[in-house]
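Trainee: Everything below, folded, please.
(one chain, ligands or ions: 1)
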Amino acid sequence: MQELSHYINGARVAGTSGRFADVMNPATGEVQATVPLASVEEVNEAVAKAAEAQVAWGATNPQRRARVMMKFGALINENMDTLAELVSREHGKTLPDGRGDVQRGLEVVEVCMGAPSLLKGEYTDNGGPGIDLYSMRQPLGVVAGITPFNFPAMIPLWKMAPALSCGNAMVLKPSERCPSTALMLAELLKEAGLPDGVLQVVNGDKEAVDALLDNDTVQAVGFVGSTPIAQYIYSRATANGKRAQCFGGAKNHMIIMPDADMDKAADALVGAGFGAAGERCMAISVAVPVGQETADALVDRLVPRIEKLKVGPYTGGEDVDYGPVITKASETRIRGLIDSGVAQGAKLVVDGRDFKLQGYENGFFIGPSLFDHVTPEMDIYKEEIFGPVLSQVRTDSYEEALKLTMDNPYGNGTAIFSADGDTARDFAHRVNVGMVGINFPIPVPLSYHTFGGWKKSAFGDLNQYGPDAFRFYTRTKTVTARWFSGIKEGGEFAFKQMD
Ligand code: NAD
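Mentor: Predicted coordinates for the structure are as follows:
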């Protein structure tokens, strides 16, 4: 059995707490490795060493730091297949999806190659007699990243690349379910020239997270995961005086207008609803057709597409559409929610509960399910299922569909399919959701824009990656400077006026 490690001061280091978690192979249901769960002492030691390393890294000029990102980007490209395989092996997603996971993280690294231009300060010449003002963006010091299981490469990269480019040291606590990719990324960063200690990877669970939240040296916390934990981490981090941005769960609605191209809408729903077994924070989990005819036309198109989906292990290659869910507990929870949908009166049009895969009977596989006639009171509507289940809520008007989307407590992503530009534009302007797709089902913004939900999908006031990340990971210091050579008068006792 492989025993994984932490990554401290530029090397893989065995855990000393004596506590371990199992890392499963979701396709077979077997334990494939164990991961150490760090103690408070191990976390504090990693933070202390990161603080030492940060001093020189923060003083390194930004273009030298950017060169580390350039080399890092090249190494990620060279190791793309290995990284994608690591992602898929622990998560269970298909290899093309594993590559997408790495690629969307790499794109944030690419933006960080231009970090110096994003770290420029501001300058006011002659703001008063002989007085100039300038502001600079300085690193925070040691920051923490806490990441979920569902994007083992992308989300750690969204955290580490901007944080490090800004001159911070980071202690990253990846998901204990998929820890290997972060360890390899740390090794690639070392190879790219990152000094030891600037990125520490500490594996662990709540004990390690709480140690980070309570450590006075940690200046900021970037979290991605489920909403209850996001809210908890935001509260505890900010109560301890830290900066925090905590991204949570989602229930993403896609509105289908009667004038939409129904085939394209159905294709989009199948990909966005069932891709990665629905384990994406930007998955579409609710289809909202406008009008009964639209709803019927959509179901007619969805059913054959869903019935054709191929579910299997990532080793099945390009032929597999999606894989298992992450744990047995997750599988049980999803099955329970499907049962609740039936019990509460939704129509289960495609039932994925009986799905079995020969040779993988102990894997955490669930076939795709489609519910019609779902209502907002049902648990399958209220809960983030995070599994291969698509719910259709029928509406009679655009306003009703918009209101449904807006009344939902989550606000991560949403989409509208329509041939009418006015309706789509109205939707984009009015909807209270952070990321909107127009005839585009999973609108994860490109890396030079920025990612963040609204409402219960995010706690904190800045988004992740893009320009917001450079604000989050730096503090502004403003200097008012005067040189006395040109000033003849003596002491001044009135509050200085700049005129
Ligand atoms: P999770 O909340 O269970 O875990 C996320 C991280 O928090 C992990 O590192 C975990 O070890 C830690 N953690 C878990 N319980 C904790 C506790 N009680 N105290 C302290 N730390 C704890 O989330 P997950 O199951 O790994 O990921 C799936 C969730 O993440 C979904 O809800 C999904 O929507 C969300 N997600 C959101 C985004 C986004 O950007 N908004 C992106 C990806 C995933």
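Trainee: Look at the residue of the stretch 1-150 of the chain found nearest the ligand and tell me its secondary structure.
Mentor: Per C-beta to the nearest ligand atom, Pro148 is where the stretch 1-150 of the chain lies closest to the ligand, at 3.1 Å. For every residue, glycine as well, the C-beta is placed using N, CA and C. Classification of Pro148 using DSSP: H, G, I helix; E, B strand; the rest coil returns coil.
Trainee: Pick out the residue nearest the middle of the protein.
Mentor: Ile155 (4.7 Å; C-alpha atoms, centre = their mean).
Trainee: List, one by one, the residues from this protein near the ligand.
Mentor: 146-151, 173, 175-176, 205-206, 209, 224-226, 229, 247-250, 281, 384, 386, 412, 453, 457 (C-beta under 6 Å from any ligand atom).
Trainee: Pull out the buried members of those.
Mentor: 146-151, 173, 175-176, 209, 224-226, 229, 247-250, 281, 384, 386, 412, 453, 457 (16 or more other C-beta atoms under 10 Å).
Trainee: returning to that earlier point: who are the packing partners of the helix or strand encompassing the residue nearest to the centre of the chain?
Mentor: Ile155 belongs to helix 154-165 when elements are defined using DSSP states H and E. Identification of packing neighbours for helix 154-165 by 3 or more C-beta pairs under 8 Å, 6 or more residues apart in numbering; DSSP states H and E yields helix 62-78, helix 95-112, strand 142-146, strand 169-173, helix 180-191, strand 218-224, helix 467-472.
Trainee: Please tabulate those in TSV, including the columns mean pLDDT and distance to Ser17.
Mentor: TSV is the format used below for the helices and strands packed on helix 154-165 (pLDDT from 0 to 100; distance: least, C-beta to C-beta, whole Å):
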stretch	mean pLDDT	distance to Ser17
helix 62-78	98	30
helix 95-112	97	29
strand 142-146	99	18
strand 169-173	99	14
helix 180-191	98	17
strand 218-224	98	19
helix 467-472	97	31
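Trainee: Let me have those in a markdown table, extended by distance to Val23.
Mentor: Formatted as a markdown table, those follow (distance: least, C-beta to C-beta, whole Å):
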| stretch | distance to Val23 |
| --- | --- |
| helix 62-78 | 22 |
| helix 95-112 | 16 |
| strand 142-146 | 18 |
| strand 169-173 | 15 |
| helix 180-191 | 8 |
| strand 218-224 | 19 |
| helix 467-472 | 29 |
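Trainee: so which of those comes closest to Val436?
Mentor: Using C-beta to C-beta as the measure, helix 467-472 is the one of the helices and strands packed on helix 154-165 that comes nearest Val436, at 17.2 Å.
Trainee: Need the contact partners of the closest one.
Mentor: 115, 118-119, 137, 158, 162-163, 165-166, 220, 222, 243, 245, 450, 452, 462-464 (C-beta atoms under 8 Å, 6 or more residues apart in numbering).
Trainee: Over to stretch 272-283?
Mentor: For stretch 272-283, using C-beta under 8 Å, 6+ apart, the contacting residues are 91-93, 97, 150, 224, 247, 249-250, 252, 254, 284-285, 287, 306, 309, 321-326, 366, 368, 385-390, 412-413, 415, 435, 441-444, 453, 457.
Trainee: Please apply the same query to stretch 106-122.
Mentor: Residues outside stretch 106-122 that contact it (C-beta under 8 Å, 6+ apart): 62-63, 65-66, 69-70, 72-73, 76-77, 134-137, 157-158, 161-162, 164-166, 446-448, 465-467, 470, 474, 476.
Trainee: filter those to the buried ones?
Mentor: 62, 65-66, 69-70, 72-73, 76, 137, 157-158, 161-162, 164-166, 447, 465-466, 470, 474.
Trainee: Quick check: mean pLDDT of the one helix or strand Ile416 maps to?
Mentor: Per DSSP H and E: Ile416 is located in strand 413-417. Averaged across strand 413-417, pLDDT comes to 98.
Trainee: by contact count, what packs against the helix or strand following it?
Mentor: Note on strand 413-417: by DSSP H and E, the next helix or strand toward the C-terminus is helix 421-430. Counting contacts by 3+ C-beta pairs under 8 Å, 6+ apart, helix 421-430 is packed against helix 398-407, strand 413-417, strand 435-438.
Trainee: repeat that with 6 Å
Mentor: Based on contacts counted as 3 or more C-beta pairs under 6 Å, 6 or more residues apart in numbering; DSSP states H and E, there is no element that helix 421-430 packs against.
Trainee: contacts for it?
Mentor: 416, 418, 436, 438 (C-beta atoms under 6 Å, 6 or more residues apart in numbering).
Trainee: Check the secondary structure at the residue nearest to Thr474 when sequence neighbours are not counted for me.
Mentor: Leaving aside its sequence neighbours, Thr474 sits nearest to Arg137 (C-beta to C-beta, 6 or more residues apart in numbering; 3.8 Å). What three-state DSSP gives for Arg137 is strand.
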